[in-house]
Structure formats: C-alpha cells, structure tokens
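1. please work out how this folds:
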Amino acid sequence: MIFKVLYQENRAEVPVRENTKSLYVEASSEREVRFHLKDRNYNIEFIQLLEGSHLEYEQASENFEVESLD
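-> Predicted structure coming up:
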C-alpha cells in the first residue's frame, strides 16, 4: 500500500502550513510507516492511505517518488 505522509522537517518548531512537506511511502500499515519514520526528526501531521483515483492523481505529479521502508 502507498501512504502519503505530511510532515514538518523539525519536530521542535511550530507547524506552518507553508513549510509542510510530503513523502510517499510503501508499507503495509500506518503503524509501520510511523515506526520506520520515528528516528527522523519529523513532526508528522497526517498519514493518508492512497488508493484508487486519488493514487492515480498523486502518481501524475512530477514529485511522486515512493520510498520503500525495507
């Protein structure tokens, strides 16, 4: 499954919408995504499962690059 992670790069800073970044991750569950990203200094705002037409829309973006958590 493909998940879209919305995050801030620095956990200590107050979240600002303009600084929100996104990351696409292949994992079996949201819990697995959180587990593998816990060592990064990210302030994770939201994790969304992408499927169907929403996944197709995201894949059409030039910034779409899936990171594997193996």
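
2. how far off centre is the helix or strand containing Arg34?
-> Assigned by DSSP states H and E, Arg34 belongs to helix 30-37. Centroid displacement of helix 30-37 relative to its chain, using CA atoms, centre = their mean, to the nearest Å, is 10 Å.

3. buried residues in it?
-> For helix 30-37, burial by neighbour count (16 or more other CB atoms under 10 Å) applies to 33, 37. Bear in mind the C-beta positions are built from the backbone N, C-alpha and C, glycine included.

4. which residues touch it?
-> By CB atoms under 8 Å, 6 or more residues apart in numbering, the residues outside helix 30-37 that reach it are 3, 5, 7, 25, 27, 44, 47, 49, 69.

5. show the subsequent helix or strand relative to that helix.
-> Note on helix 30-37: by DSSP H and E, the next helix or strand toward the C-terminus is strand 43-50.

6. the helix or strand following that next one - contacts with which helices or strands?
-> Proceeding N to C from strand 43-50, the next assigned helix or strand is helix 52-59, under DSSP H and E. Helix 52-59 makes packing contacts with strand 2-8 when contacts are defined by 3 or more CB pairs under 8 Å, 6 or more residues apart in numbering; DSSP states H and E.

7. how about Ala12, phi and psi?
-> Torsion angles at Ala12 (phi, psi; degrees, to the nearest 10) stand at phi -80, psi -20.

8. great, nothing more from me.
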